[in-house]
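Student: Need a 3D model of the sequence below.
(one chain, ligands or ions: 1)
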Amino acid sequence: MREIVSPARAIQGIITLPGDKSISHRYGMLAAIAPGRSTIANYSTGADCQSTLACMAALGAKIERHNGSVVIEGGQLQEPAGPLDAGNSGSTIRMLSGILAAQEFTSRIGGDESLSRRPMGRIIGPLTEMGARIEARDGKFPPLVIHGREHGRPLHGIDYQLPMPSAQVKSCILLAGLFAQGDTIVREPVRTRDHTEIALKEFGAEIEIEKRTIHLRAGAQLSGRELVAPGDLSSACFFLVAALLVKESSLVIHGVGLNPTRSALLDFLVSMGAQIKVLEVHQVGGELIGDLRVQASAVTGGLIEGGVIEGTLTAALIDEIPALAVLGAVSQHGLTVRDAGELRVKETDRIATIEAGFRQMGVKIESNPEGFHVPGRQSFHAAEIDSAGDHRIAMAFAVAALAADGPCAIEGAESASVSFPEFFATLLQIVQT
Ligand code: S3P
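Tutor: Coordinates of the predicted model:
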């Protein structure tokens with residue numbers, strides 16, 4: 001499907017976003033293994049998080065919807081009738097594999113063409129160390145056959161140094177650790193999003209965190225909870241960038257997740273010269289939540305500075321880089337991204353797909369294996385841009401199109417529904433042409 005996006009004169013309005021994708025996955029999985037009833041308000045509407053619910057239902061959890069909330073009766077998982085389908089979702093396959101590795105039955109899990117190309121060695125390694133047996137296509141790609149507890153022998157806890165910054169891998173090991181004999185320790189090279197640690201505490205696990213070391217005590221007794229997923233800050237990012245790109249904008253986004261392991265985005269935008277106010281901050285289920293107000297006038301719109309994303313900041317902004325690249329192209333000094341090899345193994349090789357989209361719009365970019373540089377003070381030219389089936393690429397270029405010199409076509413626009421089915425409708429609501 002193609003969407004036509006026309007240049008915008010202003011971005012104005014007040015919006016609320018669906019629940020955070022990362023948090024929704026974790027709540028969906030933990031609610032399914034925690035005995036009792038959990039209620040999750042504002043659960044993500046994205047297809048990825050529906051894949052998680054479908055897998056948990058296939059594993060025996062009773063899942064219903066009441067008044068816009070997802071209600072899950074959790075407990076002992078059952079052997080699924082057929083293979084589990086993670087769709088496009090790396091979070092589903094990687095995190096759920098930790099749970100599956102600890103079950104008494106064998107399960108099969110795979111997904112779409114993009115997921116089938118994503119590396120799974122990073123979870124197979126530590127899960128094997130914990131005592132699981134996993135087969136993969138060519139030893140490292142989905143689909144996976146997870147044999148779990150062979151002859152009833154439980155997994156055992158490990159002390160694991162993560163070789164790459166990955167919240168999915170960290171979460172996979174911690175979720176397996178819930179079922180393991182002995183404590184599980186995960187050491188991170190840089191801090192990544194800590195929603196699993198927070199959610200585990202909420203559901204009743206004992207977990208201690210010291211700097212970049214997470215220590216999960218064995219024998220956790222989880223129980224169902226009432227939860228609210230905060231609005232997704234990574235989805236909010238597209239509208240923040242839209243408001244900063246287009247002159248005369250004023251936008252309020254209500255109820256957005258502001259977890260400190262995610263909110264480096266706001267500090268980075270402010271360091272680029274953005275005017276963003278954070279209001280009404282409070283805590284729900286251990287997660288910070290608040291309202292964002294962003295403004296760009298004809299003057300401030302021209303004063304976005306540019307910047308460098310590297311080291312720990314790259315890990316903190318990994319999902320926001322496509323949108324930030326768009327902002328970088330119109331900034332004063334451009335955007336440099338380093339230490340971002342992980343971008344090459346996302347839903348697409350995002351360095352390549354950002355580069356391809358920019359070339360279609362007549363925007364210069366230089367790439368290398370670990371990152372790229374987009375010079376500043378460039379203009380977007382009307383073009384047809386191929387999302388390559390990647391939700392964040394589709395949304396980033398839809399935002400770029402708002403600042404183009406004519407209407408643009410976004411091919412494969414339906415991929416936005418992987419994380420944010422309401423994206424184009426919400427954009428229509430706030431764009432003034
Ligand atoms: C996620 C972690 C990140 C991120 C993904 C969601 C999570 O992936 O890119 O969109 O929910 O834990 P990695 O763990 O591969 O870095």
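Student: now the closest residue to Gln283 other than its chain neighbours, which residues is it bridged with?
Tutor: Sequence neighbours aside, Ile289 is the residue nearest to Gln283 in space, at 7.2 Å (criterion: CB to CB, 6 or more residues apart in numbering). For the C-beta atoms, the positions are set from N, CA and C on the backbone; glycine is no exception. Judged by DSSP bridges, the bridge partners of Ile289 are Gly257, His282.
Student: right, and Arg118 touches Thr348 too?
Tutor: No. Arg118 lies out of contact with Thr348 (CB atoms under 8 Å); the separation is 10.3 Å.
Student: Just want to know which of those two has more residues nearby.
Tutor: More neighbours surround Thr348 than the other of Arg118 and Thr348, with 23 against 18 (other CB atoms under 10 Å).
Student: where's that one relative to the ligand, distance?
Tutor: 12 Å (CB to the nearest ligand atom, to the nearest Å).
Student: Now do the same for that residue: helix, strand or coil?
Tutor: coil (DSSP: H, G, I helix; E, B strand; the rest coil).
Student: Quick check: chain neighbours aside, which residue is closest to it?
Tutor: Per CB to CB, 6+ apart, closest to Thr348 is Asp390, 4.2 Å.
Student: Hmm, Arg350 and the one you found touching each other?
Tutor: Yes. Between Asp390 and Arg350 a contact is recorded at 7.0 Å, counting by CB under 8 Å.
Student: Next, count neighbours for Phe397.
Tutor: 31.
Student: Likewise for Phe372?
Tutor: Neighbours of Phe372 using other CB under 10 Å come to 23.
Student: quick one: average confidence on the one helix or strand it maps to?
Tutor: In this assignment (DSSP states H and E), Phe372 forms part of strand 371-374. The predicted model gives strand 371-374 an average pLDDT of 98.
Student: what's the helix or strand for the closest residue to Arg65 other than its chain neighbours?
Tutor: In this structure, Arg65 finds its nearest non-sequential neighbour in Val71, 7.0 Å apart by CB to CB, 6+ apart. Following DSSP H and E, one finds Val71 within strand 69-74.
Student: ok, residues contacting that strand?
Tutor: Identification of contacts with strand 69-74 by CB atoms under 8 Å, 6 or more residues apart in numbering yields 28, 30-43, 53, 56, 61-65, 222, 224.
Student: run the last query once more with 7 Å
Tutor: Contacts to strand 69-74, defined as CB atoms under 7 Å, 6 or more residues apart in numbering, come from residues 31-41, 43, 53, 61-64, 224.
Student: returning to that earlier point: if I look at the residue nearest to Gln283, how far off is Ala236?
Tutor: According to CB to CB, to the nearest Å, Ile289 stands 12 Å off from Ala236.
Student: Specify which residue of these two has the higher count of neighbours.
Tutor: Between Ile289 and Ala236, counted using other CB under 10 Å, the more crowded position is Ala236 (25 against 22).
Student: other SSEs contacting the helix or strand containing the more buried one?
Tutor: Using DSSP H and E, Ala236 sits in helix 233-245. If contacts are counted by 3 or more CB pairs under 7 Å, 6 or more residues apart in numbering; DSSP states H and E, helix 233-245 sits against strand 10-16, strand 249-257, helix 264-271, strand 287-296, helix 321-330, helix 391-402.
Student: Can you give me the buried ones in stretch 114-132?
Tutor: Residues of stretch 114-132 classed as buried by neighbour count (16 or more other CB atoms under 10 Å): 114-115, 118, 120, 122-124, 126-127, 130-132.
Student: same check, this time on stretch 195-209
Tutor: Applying 16+ other CB under 10 Å to stretch 195-209 flags 195-200, 202-203, 205, 207 as buried.
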